[in-house]
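Chemist: need a 3D model of the sequence below.
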Amino acid sequence: MIKNYFKIAWRNLWKNKTFSFINILGLASGLACFLLIALFVMDELSYDRFYKKADRIYRVNSDIVFGGAVLHFTTTPDMMGQLLQKDYPQVEDYARLYTNEGSQMVKKGNEFITEENAAFADSTFFNVFDFAVVEGELKTALHEPNTIVINETTAKKYFSGQSAVGKTLEFKTDGGTAPYKVTAVIRDIPRNSHMNLSMLMSMKNVDYNWGQITSHNFHTYLLLKEGTDHKVFEKNFTAYINKYVLPSIQANMNVSSMSELEKQGNSLKYSLMPLTSIHLYSDYNHEITPPGSIKYVYIFAAVALFILLIACMNFINLSTAKSARRAKEVGIRKTLGTERKTLIAQFLFESGFTAFLAMLIAIIIAWLVMPLFNSVSGKEIVMMDLLTGRMLAIILLLPLVAGLLAGSYPAIYLSSFNPVAVLKSSSGALVKKSSLRSALVVFQFASSILLITGTLVVYRQLNYIQNAKLGFNKDQVLVINSVYALGNNASVFKDAVLGMSGVSSGTLSSYLPVSSSSRSDNTYSKEAVMNAKNGIDMQTWNIDHDYIKTMGMEIIRGRGFSKAFADSNAMIVNETTAKFIDEKDPIGKKMYAGGNQYTVIGVVKNFHFESMKHQVGPLCMLLRNSTGYAAFKVNAANVTGLLTQVENKWKTMSAGVPFSYRFLDDSFTEMYHDEQRIGKLALSFSILAILIACLGLFGLAAFTAEQRTKEIGIRKVLGASAASVINMLNKEFIKLVLISSVIAIPLAWWAMNKWLEDFAYRVEIGWWVFVVAGIIALLIAVLTVSSQAIKAAFANPVKSLRSE
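Modeler: Here you go, the predicted structure:
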């Protein structure tokens, strides 16, 4: 019987080539999209789950509100881990990472190579996190200073496949170089980790003022003992703060308790974030690698489901629409005694067979577009990922589910035909206007309009970010990296570049108004003795005399730093800080920190130094040496020639340090990489959803025109124009698209407002966005239907009437 089902299924597919092509291509496109998004979602959900103790590892996060500043850090004080382990037996172990020193330069031959993924780690790091060892012993790998653990790729890079353990790597320092002994080599950390590091150096080499219980600069991870509820453990943080943090605060502030601080609107809270939640659920500052977002996982999972449903609905629509062609077959088979359940089984088999064919084609499509998908999504998914347990289950079960979902209604509908009525009536009389088909078309286009609207809003927000008034000028600013490697020659290099044609100004600083540069928060007070009312925590940037000019910032009160004045204890603040100090006139006011007194000499207009998802926080600038980067305002027509000059000058002064540069606007754009990725994916999926919906609409329009061939012929004989015939066939589908718009618009408005809530600075969703989305959907539908309507309208009526 199965063999018979197979033969009938194949014959029907071959007999109705156009409908079969539309059915299989539409379903295959939907399945391919579903597979790709499923791989994306599963990759996002897999982060940090490969560690054996992942379910017991937690990172300590810090939430600080002080003096109007709201700070959310992934970092803690340096002593926190060991103090928690000492006081609370639930803590089995702890480990810290220190990443504030940024990239490292390692010598290879006569040149230095910049290593971005480097960090300092405790010797206990490998007690908490397990890694596959290539060579060496991890338990004691970082016990001594000047020791380092590297991954396999780094070992091959510097030691050309030879044993790395026992050998040394030379790191660039301010005073020359420092040797680090390789004590172990580990497998590369999987890419689905929130800390994709290639070098781990001994924490004993960190140059830090240890024991600062209120400075937050270390990523602290706790390994809790089996059976410990992390939510219950979090309650211990109150006692920890009162025991260790409050005395340190009282040494600098006149407060009696944390409650007194909180009454003034200030607070300090610590919380535990499960290791496996960091990538998707963290919205904290100072992440080691940019995190993802669980919102986007939900969005794309919903999109995948919508597209799959649209494809299945095409199948249902086309199968029920062409049912009249098989009405005689059903009638004859019922007359000959075939049971209804047998007919249902046959039609379900046919739909399942079609779905399996579509799945095979979907796998080919997914394989072909995977490089493009990876490029857009920022993933490194490979075809072998389809062979994992979960994906194999999806590949096998999805055609069954899709076949059942797509074939159930046609099977029940076709098998319900009365054989007497079927054999007496003409085939066309059996096909009536179907409310289900109309509902499915409405769902398809409502989903498409929702995606179109989402895409328009995402691109409007991205355009707003790119063109918003940022408070600084990001264009034509050339940034030279790792200038600290020049040591005392940094200023000489700056002066040399300033003398080149096309360079109007330049500055040396480690602080740039993009998130990929240094940050430093410090606590200040308006009075010599800090209390809960007069203190504020704010970013403190060390800059030179030319920084504000080079960055195109605006001094709106007072003055900037000047060589004509002794500005060693002068301070420039932004508008947010100025409001805290004295909104009417902050110039000349004093600020205190660490026993030092500063005088406010100027107010710089607020500028965005973090993502526009956040409000502009308090910030001050001090005149200090800081040589992380050199930034130059350029206006040269020949930028390539200028870069060559700068590089040549660098090589004469850098002693083997590679020349590395970027433009500030590129770094700014990189801050919104996730949003840009989402915009591209949304655009791609919107186009795909519309194309799948159009395939179904094309098939329905073709079938409708075919079923109304006689009617159209009679109308034309009686004098109907081609235009009236086209309008008649378009009318029903236009009505369905308009209904889709009415349904989709409220949903789109709600969904995009929820997405925009993540941005402190955002566009308003104008009414025209929904109108444009509706018009796009309507035009696509009209063009699709008209392609068949025009063909029917201009057909010879004599032929259609003769065939009847």
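Chemist: contacting residues for Gly352?
Modeler: Shown in contact with Gly352 (CB atoms under 8 Å, 6 or more residues apart in numbering): 399-400, 403-404, 407. Where C-beta positions appear, they are placed from N, C-alpha and C, glycine not excepted.
Chemist: just those now: which is nearest Leu31?
Modeler: Proximity of the contacts of Gly352 to Leu31 (CB to CB) peaks at Pro399, which lies at 7.8 Å.
Chemist: distance check, Ile381 against Pro399.
Modeler: Computed as CB to CB, to the nearest Å, the Ile381 to Pro399 distance reads 21 Å.
Chemist: so what's the gap between the longest helix anywhere in the chain and the chain middle?
Modeler: Secondary structure of the chain read by DSSP state H shows that its longest helix is helix 340-377. A distance of 29 Å separates the centroid of the chain from that of helix 340-377, by CA atoms, centre = their mean, to the nearest Å.
Chemist: equivalent analysis for stretch 263-277, please.
Modeler: Taking the mean of its C-alpha atoms, stretch 263-277 sits 24 Å from the chain's own mean (CA atoms, centre = their mean).
Chemist: and after the strand or helix carrying Gly641, which helix or strand comes next?
Modeler: Secondary structure assignment for Gly641, by DSSP states H and E: helix 639-653. Later in the chain than helix 639-653, the nearest helix or strand by DSSP H and E is strand 661-663.
Chemist: what mean pLDDT does that following strand get?
Modeler: Regarding strand 661-663, the rounded mean pLDDT is 90.
Chemist: before we move on, the earlier item: including distance to Ala773 and secondary structure, could the contacts of Gly352 go into JSON lines?
Modeler: Converted to JSON lines, these look like this (distance: CB to CB, whole Å; DSSP: H, G, I helix; E, B strand; the rest coil):
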{"residue": "Pro399", "distance to Ala773": "32", "secondary structure": "helix"}
{"residue": "Leu400", "distance to Ala773": "35", "secondary structure": "helix"}
{"residue": "Gly403", "distance to Ala773": "32", "secondary structure": "helix"}
{"residue": "Leu404", "distance to Ala773": "33", "secondary structure": "helix"}
{"residue": "Gly407", "distance to Ala773": "32", "secondary structure": "helix"}
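Chemist: which of the helices or strands spans Val232?
Modeler: helix 230-233.
Chemist: flag the shaky bits of the stretch 551-700 of the chain, pLDDT-wise.
Modeler: Across the stretch 551-700 of the chain, the ranges flagged by pLDDT under 70 are 636, 699-700.
Chemist: just to revisit the earlier point, rounded mean pLDDT for the longest helix of the chain, please.
Modeler: Helix 340-377 carries an average pLDDT of 84.
Chemist: about what we covered before: looking only at neighbour counts, state which of Ile381 and Pro399 leads.
Modeler: Pro399 (24 against 18; other CB atoms under 10 Å).
Chemist: who's in contact with that one?
Modeler: By CB under 8 Å, 6+ apart, the contact list for Pro399 reads 31, 352, 355-356, 358-359.
Chemist: are any of these buried, and which?
Modeler: Neighbour counting by 16 or more other CB atoms under 10 Å classes 31, 352, 355-356, 358-359 among those as buried.
Chemist: just give me the neighbour total for Ser626.
Modeler: Ser626: 21 neighbours (other CB under 10 Å).
Chemist: surely it meets Tyr511?
Modeler: Yes: the criterion here is CB atoms under 8 Å, and Ser626 meets it with Tyr511 at 6.7 Å.
Chemist: pLDDT at the spatially closest residue to Glu116 that is not a sequence neighbour, what is it?
Modeler: The shortest distance from Glu116 to any non-neighbouring residue, by CB to CB, 6 or more residues apart in numbering, is to Ser103 (4.8 Å). At Ser103, the model reports a pLDDT of 79.
Chemist: repeat for Gln90
Modeler: 97.
Chemist: gap between it and Glu380?
Modeler: Using CB to CB, Gln90 is found at 38 Å from Glu380.
Chemist: okay, those two: which has more neighbours?
Modeler: Using other CB under 10 Å as the criterion, Gln90 and Glu380 rank with Gln90 on top: 17 against 10.
Chemist: got a list of what the more buried one touches?
Modeler: Applying CB under 8 Å, 6+ apart to Gln90 gives the contacts 224-225, 228, 233.
Chemist: so which residues of the stretch 451-600 of the chain form helices?
Modeler: Secondary structure of the stretch 451-600 of the chain (DSSP state H, counting those that start in this stretch): helices at 490-498, 547-550, 575-582.
Chemist: pull out the buried positions in the longest one.
Modeler: Which is helix 490-498. Buried residues in helix 490-498, counted by 16+ other CB under 10 Å: 490, 493-494, 496-497.
Chemist: in the protein, what secondary structure element scores lowest on mean pLDDT?
Modeler: Ranked by mean pLDDT, DSSP states H and E, the helix or strand of the chain with the weakest confidence is helix 427-430, at a mean of 48.
Chemist: neighbours of Glu350, how many?
Modeler: 22.
Chemist: likewise for Gly211?
Modeler: Applying other CB under 10 Å, we find 10 other residues in the vicinity of Gly211.
Chemist: swap in Ser160?
Modeler: Applying other CB under 10 Å, we find 8 residues neighbouring Ser160.
Chemist: and it, how far is that from Val657?
Modeler: Distance, Ser160 to Val657, using CB to CB: 22 Å.
Chemist: ditto for Gly389
Modeler: Distance of Gly389 to Val657, given as CB to CB: 48 Å.
Chemist: so which of those two has more stuff around it?
Modeler: Val657 (22 against 7).
Chemist: does the more buried one touch Ser482 like I think?
Modeler: Yes: under the criterion of CB under 8 Å, Val657 is in contact with Ser482, at a separation of 6.5 Å.
Chemist: any idea how many residues pack against the residue nearest to Phe129 when sequence neighbours are not counted?
Modeler: Among residues not flanking Phe129 along the chain, Tyr51 sits closest, at 5.8 Å (CB to CB, 6+ apart). Tyr51 is flanked by 17 other residues according to other CB under 10 Å.
Chemist: so Tyr51 belongs to a helix, correct?
Modeler: No: counting by DSSP: H, G, I helix; E, B strand; the rest coil, one finds Tyr51 to be coil, located in no helix.
Chemist: pull out the buried residues from stretch 767-786.
Modeler: Buried positions in stretch 767-786, judged by neighbour count with 16+ other CB under 10 Å: 769-770, 773-774, 776-778, 780-782, 784-786.
Chemist: contacts for that stretch?
Modeler: When contacts are defined by CB under 8 Å, 6+ apart, stretch 767-786 is touched by residues 445, 448-449, 452-453, 456-457, 460, 690, 694, 697-698, 701, 726, 729-730, 733-734, 736-738, 740-741, 744-745, 748-749.
Chemist: any idea how far that stretch is from the chain center?
Modeler: Offset of stretch 767-786 from its chain centre (CA atoms, centre = their mean): 29 Å.
Chemist: now swap in stretch 459-470 and tell me
Modeler: With CA atoms, centre = their mean as the basis, stretch 459-470 stands 17 Å off its chain's centre.
Chemist: avg pLDDT for that stretch?
Modeler: Throughout stretch 459-470, pLDDT has a mean value of 80.
Chemist: thanks again, I'm all set now.
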